[in-house]
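*Asks:* Provided below are the primary sequence and the corresponding predicted coordinates.
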Amino acid sequence: MPIILNHVNCIYEAGTNMEVAALKDVNLVIPDGQFIGLIGHTGSGKSSLVQHLNGLMKPTGGEVYFDGQDIADEDYDKKKLRSDVGLVFQYPEHQLFEADVFSDVCFGPKNLGLSKKEIELRAYEALKMVGLEDEYFYQSPFDLSGGQKRRAAIAGVIAMKPRVLILDEPTAGLDPKGREEILNLIKKLHEEMGITIILVSHSMDDVADYVERIIVMNHGEVFLDDEPKAVFSHKEELEKIGLAVPTVTEIMSRCAGKGFPVDDTVTTIEEAKAELLKLYKKR
Amino acid sequence: MNMIKTEKLTFEYIRRDEEGNVEGITRAVDQVDLDVEKGDFIAILGHNGSGKSTLAKHMNAIFFPTEGTIYVGGMDTGDESHIWDIRKTAGMVFQNPDNQIIGQVVEEDVGFGPENMGIPTKEIWERVEESLKAVGMYAYRKHSPNKLSGGQKQRVSIAGVLAMHPECIVLDEPTAMLDPQGRKEVIRAVRALNEVENITIILITHYMEEVVMADKVFVMDKGSIKMQGSPKEIFSQVDKLKELRLTVPQVTLLAEECRKAGMPFSKGILTIDEFMEELQCLLS
């Protein structure tokens, strides 16, 4: 069942002179199994939005439906919601706390009241999924490298068996190879486990190659919501709100501006290369 | 004159288990020889754990070499009597702006450094003003830092360092936590300090695009310097960088891929402008 946001509003400090609208009339349908990029500059409402999806924040107006039920209902099982919608915060490795990696990953499922065997099985599967080898299981999480720590933290959320996984800037602070590894891991989770993914990012370059839909937030409103190519065709509007199209799209759009007949909606190096080679051969 | 010079700089630390028993020794920086001229803009690249930050922390006398020597503005950091002069000479900006801002008001925060140096009040205010102007944050001087965006906060952090009148600023991944807009603001401010005020800049980053205008790039791996040269020289070695867990700017990568497929782009194209120029020649 999809997640539905129906006229969701979120106002901080309503009725005071500090009043700020973090979300303004947001309407979205998030079907099962989609891979979505959620983009916006700092303060655009991205984080407020994702916190509404697993009930960490309550809308001040409108409803959020999960499995057809309003999650603000009195009798709604919040605990279940939070295992169904997993949220990986920015710098999740700061939340590692157990003495060894394996116990840390067990912490989430343990709180679901599962049997010991089930907990350990889930932790094992999650660690395998993120590609942490057995040798790291009983090491202190603090002895791992930056990228490994982050994968251990993501494993902790995967062990809850979420149906929707939201990741807030999962590549922040990692080196280029580390960024690629984490993004490929997320892609694998989406493909192999069929999890709905919402990837929150500042970077169009990061999401362009992976997602099937991009939601752009600005001033608490949904600014654009479409497939990547369609979103990037709004180059000027995006630049006006402090975002940039992927470098490749920028280059192709400059080419088109010079009068070369190229497709200026391509987003990946491979596509751009093909376009340029076509031009070169026709010369 | 050398702003920073290291001679076989090595830094080791002892790893201990929970009971405090020695587990082993890690060599975070390994025999690094580095020369930074006054007024240079230097970039240091390297994957997570390559030793960049450890090296940087030697430039401000936070860490001291296990072996070898480092001279900052001609002063040996091993000589304790120079420590405060060294920290005045080389200022440091870290990744997370929230960890380095302490004032309740922007201008107070910027004044904190010079105040600790015992500068007369009148001069402190002059310095605060010029520093905030240099990073384009003067209009926000009466604001509370926690209401600023990440890029603005980071520029306040830089102003705080600037107010101490350093000859050199070391920035350790100053843009890692910022959005594209904030990243641009910070890099623009840093470039202006280098070009206008002639302050030596040492920029540590994971974003290849921020490095293209540096005078010289150093690439670190396993604690030692594996590559050095101009951005053009460094970024024309795509495969070697990938081995070191790094990459090249997207535009460089596109040119390289096209070159491999038979379009004769030159090696190490760094900017979209350069790319467009060559493309037009190739197609005409």
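*Replies:* Sure, I can see it.
*Asks:* going forward, measure contacts and count neighbours with C-alpha atoms only.
*Replies:* Noted.
*Asks:* strands of chain B, start to end?
*Replies:* Ranges of strands in chain B, per DSSP state E, are B:2-16, B:22-37, B:41-46, B:67-72, B:75-76, B:90-93, B:168-172, B:200-204, B:216-221, B:224-229.
*Asks:* tell me which other helices or strands the fifth one touches.
*Replies:* Judged by 3 or more CA pairs under 8 Å, 6 or more residues apart in numbering or on different chains; DSSP states H and E, strand B:75-76 is in contact with no other helix or strand.
*Asks:* let's have the strands of chain B in a markdown table, adding mean pLDDT and mean neighbour count.
*Replies:* Below are the strands of chain B laid out as a markdown table (pLDDT from 0 to 100; neighbours: other CA atoms under 10 Å in any protein chain shown):
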| stretch | mean pLDDT | mean neighbour count |
| --- | --- | --- |
| strand B:2-16 | 91 | 18 |
| strand B:22-37 | 90 | 16 |
| strand B:41-46 | 95 | 25 |
| strand B:67-72 | 95 | 20 |
| strand B:75-76 | 94 | 18 |
| strand B:90-93 | 93 | 24 |
| strand B:168-172 | 95 | 25 |
| strand B:200-204 | 96 | 25 |
| strand B:216-221 | 95 | 22 |
| strand B:224-229 | 95 | 18 |
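*Asks:* got any ranges where chain A has weak pLDDT?
*Replies:* Low-confidence segments of chain A, defined by pLDDT under 70: A:1.
*Asks:* let's have the strands of chain B in TSV, adding distance to residue B:114.
*Replies:* Formatted as TSV, the strands of chain B follow (distance: least, CA to CA, whole Å):
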stretch	distance to residue B:114
strand B:2-16	22
strand B:22-37	26
strand B:41-46	25
strand B:67-72	20
strand B:75-76	21
strand B:90-93	12
strand B:168-172	15
strand B:200-204	20
strand B:216-221	31
strand B:224-229	35
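*Asks:* quick one: name the residues of the stretch 101-250 of chain A near chain B.
*Replies:* With the criterion set to CA under 8 Å from any CA of the partner chain, the stretch 101-250 of chain A comes near chain B through A:145-147, A:172-178, A:202-203, A:242-244, A:247-248.
*Asks:* domains in chain B, by residue range?
*Replies:* B:2-248, B:249-284 (automatic domain parsing).
*Asks:* which ones among the residues of the stretch 101-250 of chain A next to chain B map onto helices?
*Replies:* Using DSSP state H, the subset of those located in helices is A:146-147, A:176-178, A:247-248.
*Asks:* which positions in the stretch 101-250 of chain B make contact with chain A?
*Replies:* B:149-150, B:176-177, B:179-181, B:206-207, B:242, B:245-247, B:250.
*Asks:* quick check, the residue in the stretch 1-150 of chain A closest to chain B?
*Replies:* As assessed by CA to the nearest CA, chain B sits closest to residue A:41 within the stretch 1-150 of chain A, at 6.0 Å.
*Asks:* do I have it right that that residue meets residue A:202?
*Replies:* Yes. Assessed by CA atoms under 8 Å, residue A:41 is found in contact with residue A:202 at 6.1 Å.
*Asks:* find residues that contact each of the two.
*Replies:* Contact with both residue A:41 and residue A:202 is made by residues A:243, B:179-180, according to CA atoms under 8 Å, 6 or more residues apart in numbering or on different chains.
*Asks:* could you check how many residues crowd around the residue of the stretch 1-150 of chain A closest to chain B?
*Replies:* 23 (other CA atoms under 10 Å in any protein chain shown).
*Asks:* can you classify residue A:260 by secondary structure?
*Replies:* coil (DSSP: H, G, I helix; E, B strand; the rest coil).
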